[in-house]
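**Student:** let's see this in three dimensions:
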Amino acid sequence: MLKLICGTFLIVILFFLGCKSINSNFDTLSSTLELHFSHRLEGQPFALNQSLQNVWGEEVRGTLLKYYISNIRLKTLSGKDYVIPESYYLIDESQSESKKIVLNNLPPDDYSEISFTIGVDSLRNVSGLQTGALDPLNAMFWTWATGYIFLRFEGYSSASPSGAFVYHVAGIVPPNNCIRQKTFAMPTHHITLTAIKPKKLFFEVELGEMFKNPSQVRISQINNVMGGANATILANNYVDMFSIVKVE
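**Tutor:** Residues are numbered from 1 along each chain as shown. This is a model prediction of the structure:
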């Protein structure tokens, strides 16, 4: 009888320990953050093969728009940094699904900042052929120069002597290092990530910044960029084209 009572007691204890273990898993469940990107040009919705005008009144009819977002980092209200491992993403206007980045397995916490690199860091630029977003098949890798193109913007413009423009921004060697980083404060002071429901950050990308700030870029004068000094000018301009416009 004593053995039966002890055995029953042991089973009850194991049951409650098991319940505690299950409940403790809920405390460590991961959260999800979605980043959504939409493009505009001087406040107008941007779409490929649609004619718009930049700040100088020049025609901009983009036929290709691709750029890298990488090395995403979050900062908590307590000041801790959380680096998203292997975060390399290629935004491609022709692929709507690429304009949504889903970050899984994030620690639940209150986050006050998010930052990312526009382009590809120096180490990955010299690491040879890679896969995923960094696969050369994405046509964002210069085999002849060994390095990634950070942004490709191409199209047609009546302002260009050739009738077209080609902007390939790339380069990691000063003075033409085009890697740029951007940090954003959360518009609501902070966002709370939990395991219950994903949070969404909506980024508006104003392509018009590429032409006006801090340097004036006119398609009539700068219309064929393949790295070099003019690529640095474009990188200095487009670093400010990103803004968070909504949190859900």
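**Student:** okay, CA-based contacts and neighbour counts for the rest of this
**Tutor:** Noted.
**Student:** list the contacts of Thr232.
**Tutor:** If a contact means CA atoms under 8 Å, 6 or more residues apart in numbering, then Thr232 has 169, 176-178 as its contacts.
**Student:** touching, Lys66 and Gln95? I think so.
**Tutor:** No: using CA atoms under 8 Å, Lys66 makes no contact with Gln95, being 9.7 Å away.
**Student:** between the two, who's got more neighbours?
**Tutor:** A count of neighbours by other CA atoms under 10 Å puts Lys66 above the other of Lys66 and Gln95, at 21 against 11.
**Student:** leaving out chain neighbours, which residue sits closest to that one?
**Tutor:** Of all residues not flanking Lys66 in the chain, Asp92 sits nearest, at 4.5 Å (CA to CA, 6 or more residues apart in numbering).
**Student:** run a quick neighbour tally on that neighbour.
**Tutor:** 17.
**Student:** picking up where we left off before, in TSV, list the contacts of Thr232 along with distance to Ser243 and neighbour count.
**Tutor:** Formatted as TSV, the contacts of Thr232 follow (distance: CA to CA, whole Å; neighbours: other CA atoms under 10 Å):
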residue	distance to Ser243	neighbour count
Val169	20	28
Asn176	25	18
Asn177	23	18
Cys178	20	29
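**Student:** surely Leu207 is in contact with Gly43?
**Tutor:** No: Leu207 is beyond contact range of Gly43, at 9.1 Å (criterion: CA under 8 Å).
**Student:** please say which of those two ends up with more neighbours.
**Tutor:** The residue with more neighbours, out of Leu207 and Gly43, is Leu207; 22 against 13, by other CA under 10 Å.
**Student:** find the nearest non-adjacent residue to the more buried one, please.
**Tutor:** Nearest to Leu207 is Leu41, by CA to CA, 6+ apart, at 5.1 Å.
**Student:** the residue nearest to Tyr238 when sequence neighbours are not counted: what secondary structure?
**Tutor:** Of all residues not flanking Tyr238 in the chain, Met210 sits nearest, at 4.7 Å (CA to CA, 6+ apart). Look at Met210: counting by DSSP: H, G, I helix; E, B strand; the rest coil, its state is helix.
**Student:** same check on the one 3 residues further on?
**Tutor:** Under the three-state scheme (three-state DSSP), Asn213 adopts coil.
**Student:** go through stretch 136-151 and flag the buried ones.
**Tutor:** Neighbour counts over stretch 136-151 (16 or more other CA atoms under 10 Å) mark 136, 140-141, 147-151 as buried.
**Student:** the residue nearest to Lys66 touches Lys99, doesn't it?
**Tutor:** Yes: counting by CA under 8 Å, Lys99 is a contact partner of Asp92 at 6.9 Å.
**Student:** joint contacts of those two?
**Tutor:** Counting by CA under 8 Å, 6+ apart, nothing touches both Asp92 and Lys99.
**Student:** ok, the residue nearest to Tyr238 - contacts?
**Tutor:** 217, 234-235, 237-238, 241 are the contacts of Met210 under CA under 8 Å, 6+ apart.
**Student:** Phe150 too?
**Tutor:** Per CA under 8 Å, 6+ apart, neighbours of Phe150: 67-68, 118-120, 140, 168-170, 178-179.
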